[in-house]
Structure formats: structure tokens, C-alpha cells
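Novice: Let me see the structure of the following:
(2 chains)
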Amino acid sequence: MANLTLVQSITLALIQEMEKDERVILLGEDIGLNGGVFRATEGLFQRFGGDRVVDTPLAESGIMGTAIGLAMGGLRPVPEIQFEGFMGPAFDQLTNQCARFNSRTRGGLTCPLTLRVPVGGGIHAPELHSDSPEAIYTHTPGLKIVMPSSPYDAKGLLISAIRDPNPVIFFEPKRIYRAFREEVPEDEYTIPIGVARTVCEGDELTMVSWGATVVQCMNAIEQSGKSIELIDLRTISPIDMDTIAASVNKTGRCVVVHEAPKTCGLGAEIAAGVMEYCFLHLEAPVQRVCGFDTIMPYYKLELEYLPDAQRIGKAIVETLAY
Amino acid sequence: MPVKTIFETKIDHVSILDEYGNFDTQLGEGLIPDEDVVAMYKHMMVCRHLDEIAFKLQRSGRMGTYPENRGQEVPSLAAAYVLQKKDWMVTCYRENTGLFWRGLPMEKILLHWMGDERGNHIDECNVTPLAIAIGSQLLHATGLAWASKYKKDGAIACTFFGDGATSEGDFHEAANFAANLDLPVVFVCQNNGWAISTPTKLECSAPTVAQRGIAYGMDCIQVDGNDLFAMVKVVKDAVDNARKNNRPTFIEALTYRLGDHTTADDARRYRDADELAMWEKRDPMIRLRNYLEQKDLWSSAKEEEQLAVAATTVSQVVKNAEEIDAPTTNDFFDSMYTELPPQLQKQRQTLRTSSIGQDPSQIEQATQEGVMQ
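Specialist: Here you go, the predicted structure:
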């Protein structure tokens, strides 16, 4: 066991998978000698060499598109897009190509790759370095999407993602890259994709979140003193509605918390799912505590935009009082 | 001298058998054995017949939109002739001759245009399915070549695209990756003069499209794309460069689509009749037939014989494509992922009810009334 930050846990997972499987290679901007702008690939260039830790030209579509070719050619590439705000140029290759190959060829060609992308706000970064676009990609059939909320989960989920025979987006919440440490086993382990984690059990209200806001939810729950069941999705797509529904059928109340804008965010999908599976058990409307339908502000105002314990606490009070 | 030239370049144009029948023996002698030239001509005849039938299938409502290949038979066939089995051929959608030469069953292409993904399930040879998004496939070819280099399996990738694709960002990113990372890729641009209705000069204001590759530091060459011999020559050189030196090459093959962009297009709206007439005289099959007849390798009798072979072959291909079992709705669920997630299993089970995605237990009658598949 080692006491690791989330980003260290990611580095450890990459090292272990690269040692285990020669098909795993990394590609991206500044990931080699520089070790990545968040140091997630620190020391990997020196350890595995330039053939396996490849600094690419500055071209996101190129990174995504060649990763598809590498995957179809029998490798297990792990491309990195430096920030979620730069996924735009890779969008076509990711959604129109990568996500569709398996279906398009009726299983003839697959794209087993893991796209690593730092995501979300809260680190005082410049424009286009703080967004939460996970719902956009959830609306793309053919991709799997994972977002860890702790160092332990990061390692287990990343190993699962790399071993998954399908394309996986692995979103790394940068706000908690180094926010806290956790005991992470040195031995390899996997956490299944598609299964949510119940962080704490409760019977008055179900709270659903993922990524960095899980930490805000834990704070809010602690401050509320109420018996709240917190579900960390871990996997955003495919979404584990069974775990959510079982919990809401028990508590009768549900609050969804996410950083991304409210409209057509995953909170909407979860609310609709709760209507499908829990209608007769509901005691209150599903509440959403989200980012707003505005452009993510520059960092002077970012904490006003991001859901915090106070806003979440308000939703808890209102939902319980309904 | 305050100003000095630090870089100069040139683009070579290669022609061996021109439209008037002139044959450059220095470059062309012994390049392709006679029997192979005959075999490729016969293959082109079958492919052209398929192209004509495909057009008619669309017009008679038996097939969806189809892009005619007529006039562009040479570039992909020449490449397929040169490539080895282990190599990758990553095409756009006007490369039937090359795909079939590599062993792709002809009905797969018809199935694709008949709206059936099973046409894209390819086990027979290392080719990727037709690429509809212009230029997207160039990056896949670059990645496939990269994987081969990493695995040291000696394979290369050869990719095809039109002049319009060289305006797409993906072309530039692929060229840049291939050149900077030393990847064994052959980029074959079929410059047919038109990107649907947009002439090449609106895609590229430089004198040649070939020179676009120079900016990325790769070898570039222009070739008569209707000349089988010249095409085989330049592809051979490019493939050698890729296989031996891990270097990409950009080939601009000058050709012309004698048909419309697709069956949904009417090229008369934007193309000059005189231009079409000029290129009809440059039809790659006319000059090849004349060449073969002059060498006494071909005759009218053989032409008749091969036309009959083409008719029989294509008729069977159409039969195979039309008589395949109907696809099932399970197909589009089951191939989304290597394993169907439970959420999609649920949607698959309930797709005939009014409550797609709901838990089947909530729709009691549906299961009993046989609407579940």
C-alpha cells in the first residue's frame, strides 16, 4: 500500500499496464520528456522509451485518429488530450470514427483504446481548461466513459479501461488530482466499468454524483447531519441505473450533483431514469445541483459556478422538506 | 547577400503510357509482366461492368446512393497490384478495382450501398471499410502504419483520398504525423478535378496538389493516374520508400471521374461538356486496350469473351448481394460494443414496445404477446 494522490495513482496504473502488456503505448502532447502538463506520465519516457511514450505533433484530431489506427492495428493505445477544452478538434475522430467502428464493421474492426482527458474546473486555469463535457460524449453511442473520484478508484478504473476491448474516455478530474491522498494497493486490481459505488449508505435521500463533486457532496452530507446515501457513478456511460433506482426506491428522494451545465446534463438523464424506475416511490421531485447554462467563467468566478457544499446543502433541505 | 535561397523544390510528373499510345520503354519495359497487364485489364472490365450495373440498380430502386468509379480504375488497382497481403489498404469510396484485386468480395461493396453494414465486415484482406467522412481515413492509415512499425511486422499502409480531402485538417495532421514520426504510409491523392462541384483550384491554389506534401518534408510526385504503368511505377517506389526507410510519400494521381459524384448528383450542373468529352478520350481502359492489341495480347474476340465473363460474374455478385438474409434488429445493438451492456440489452428487448428502455417487468403484456425478439 502506498499513500498516493489521484495523479500518482494514474501514473502507477499506466506503469503497471505498460509493464504487463507491450501493446500499451502512450501518445499525446508533452507527455514524454516533460511528463505531461499535470505530470501524469512523469518518468515514463525514461522508463519505457520514446517508442512507447510518444510526443506527438500538436494536433488533437491527429492524436485521436492515429490512435484509432493503432488500436485497429492490434495495439492498446492510451492517447491523451491535454485538456477537455481541446477535445473539439478530436470530436469528429472520436464520435464519428472511433465510436462507430465496431458497429460500422459489425464487429470486424474494434478500437480498444483509452482516451485520457483532464476535466473540470476549480484549479484557477485559463479559458477552455475548466469545462465538463461528459454529457456530450455520453450522447455518443459506442463510447464508454469513466470518471474517478478518488486515487483508489482512479487506478482500478484506469486498468479496467485499458483492458477493455472498447473505446473508453477516462476523464480525470483535475481539481482532485492532488487534493488528497489515499491508500492505494501496489498490486494491480480492477474496478468494473458500468458499476456505481455507494460511498455511504442512508435512508432519507439519495445523492448521485461523479468526479470532483463527489468530494463536495461528502462535505454537504456531513454538514447536513442527515441519513443520505451517496452514489458515485464511477462510470458515466453506460450509466448504472440499477444502483440508482434501488437506492431511490428505498429513500424516495433524489438529488443529482454535477459540474456540467444543467440543460441536457446527465442530471436530466438520471431524473428521467428515476421517473421510469421509481415513480411510485418518489416523495419529492428530483433536484439537480449543477453548473449553469452559461459559459464556464474565468477563474475569479469559477467557485460561484461550481456546485459547493452550501448549494448542495440547500438542495438537501428543500428535497427533504418537500 | 542579405537574401539567399535556402530551399528550392520541384515536382516531377511521371507518364509511361500516354493517351496517344506512346510508351516510354526506358521506364516501362519489364515493369509489369504481360500476363499481369492482361489480368488487370480483364479485372478492370469486370469492375466497370459492376459499376454500370450498380448505377442501374440505384436507378431501378434496388440500391441506395452509389458513387460511380468509372474513369478512376487505375490508381487503386495499381496500388493493390504492388501491395503485399500484410499491407493495409485504407480507401475512400472510389477504389473498387483495388479492393476487389485484394480479394474483397464484390457483393460487400454492393451491400454497403444497399444500406447493410455487413458489407463492411471484412475478413478477407487488410482493408478498412469505405470512408464517407472525407479525409478521416488518412489518420487511420497513419495509425495502422505506426502499429506495424511498432510491431516490426514489415507491413505498410496505403491510403486513398480525393483532391478535396487535401483541404481537410485531417489530411494535414496525417501528413505531419507520418513525416515527423517516420511512418510507412503511402498517400495516394486521386485528383479527379472535382470535389462534388468544387473544382480543384478552389481546393488548392498551388500549381500542383502534390506539393502540399513538401511542406511536411515528404517525397512528392505527380503521375498520370489513368496510366497503369506510371501508377505501378510510382507506387512501387513509394512502397519501397515506406518499407525500407519508414518514410511516407505523397502521390498525386491525375485522373477524372467520368460519372457524377454519386447517383444523387448531376455533374452537368457544374461541369463543362467539352471537359468531359476530353477526358472520355483519356479513358484509362481505351489506352490499355490499344496497348494490348498492339502487342497482340488482346483482340476483339477476347474482348467479347471477357464481356461475357463480366456479365456472368456481376450477375452472380448482384444475386449474392440481393439474396442475403435480411438483417435483424439485433444486429445494430449487438455490434455496439464487444459485449452488449445490460442497459442496451434492455433496449433491445423492448424495442417493439412504446417504452423503449423500460424494465421489461414493467410491461407485463409485451412479453406474452410475442413482440419481444
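Novice: Can you read off the pLDDT for the closest residue to chain A within chain B?
Specialist: Using C-beta to the nearest C-beta, the closest approach of chain B to chain A is made by B:G143 at 1.8 Å. From N, CA and C alone the C-beta is placed, and that goes for glycine too. Note for B:G143: predicted pLDDT of 98.
Novice: and the nearest residue to it once chain neighbours are set aside, how many neighbours?
Specialist: Excluding the flanking residues, the one nearest B:G143 by C-beta to C-beta, 6 or more residues apart in numbering or on different chains is A:G69, at 1.8 Å. By other C-beta atoms under 10 Å in any protein chain shown, the residues close to A:G69 number 33.
Novice: didn't A:G69 look like it was pressed against B:Q137?
Specialist: No. Checked against C-beta atoms under 8 Å, the pair A:G69 and B:Q137 is beyond contact range at 9.1 Å.
Novice: list the contacts for the residue positioned nearest the centre of chain B?
Specialist: Nearest to the geometric centre of chain B sits B:E95, at 2.7 Å (C-alpha atoms, centre = their mean). Residues near B:E95 by C-beta atoms under 8 Å, 6 or more residues apart in numbering or on different chains: B:69, B:75-76, B:89, B:160.
Novice: now those in JSON lines, with pLDDT, secondary structure and distance to chain A?
Specialist: What follows is the contacts of B:E95, written out as JSON lines (pLDDT from 0 to 100; DSSP: H, G, I helix; E, B strand; the rest coil; distance: C-beta to the nearest C-beta, whole Å):
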{"residue": "B:N69", "pLDDT": "98", "secondary structure": "coil", "distance to chain A": "21"}
{"residue": "B:P75", "pLDDT": "98", "secondary structure": "helix", "distance to chain A": "21"}
{"residue": "B:S76", "pLDDT": "98", "secondary structure": "helix", "distance to chain A": "19"}
{"residue": "B:M89", "pLDDT": "98", "secondary structure": "strand", "distance to chain A": "13"}
{"residue": "B:F160", "pLDDT": "98", "secondary structure": "strand", "distance to chain A": "15"}
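Novice: Can you add neighbour count and distance to B:E339 and give the residues you listed back as JSON lines?
Specialist: JSON lines is the format used below for these (neighbours: other C-beta atoms under 10 Å in any protein chain shown; distance: C-beta to C-beta, whole Å):
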{"residue": "B:N69", "neighbour count": "23", "distance to B:E339": "38"}
{"residue": "B:P75", "neighbour count": "31", "distance to B:E339": "40"}
{"residue": "B:S76", "neighbour count": "31", "distance to B:E339": "36"}
{"residue": "B:M89", "neighbour count": "26", "distance to B:E339": "30"}
{"residue": "B:F160", "neighbour count": "29", "distance to B:E339": "34"}
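Novice: now, which of those sits nearest A:G202?
Specialist: B:M89 (58.4 Å; C-beta to C-beta).
Novice: The closest one touches B:L104, doesn't it?
Specialist: No. Counting by C-beta under 8 Å, B:M89 does not reach B:L104; the two are 9.1 Å apart.
Novice: And A:H258, its phi and psi?
Specialist: phi -150, psi 160 (degrees, to the nearest 10).
Novice: By residue count, tell me the biggest helix in chain B.
Specialist: Counting residues, the longest helix found in chain B (DSSP state H) is helix B:34-59.
Novice: Report the buried residues of it.
Specialist: Buried residues in helix B:34-59, counting neighbours by 16 or more other C-beta atoms under 10 Å in any protein chain shown, are found at B:37-38, B:40-51, B:53-55, B:57-58.
Novice: residues touching the residue of the stretch 201-322 of chain A found nearest chain B, list them.
Specialist: Nearest residue of the stretch 201-322 of chain A to chain B (C-beta to the nearest C-beta) works out as A:P238 at 4.2 Å. Applying C-beta under 8 Å, 6+ apart, we find A:P238 in contact with A:144, A:194, B:341-344.
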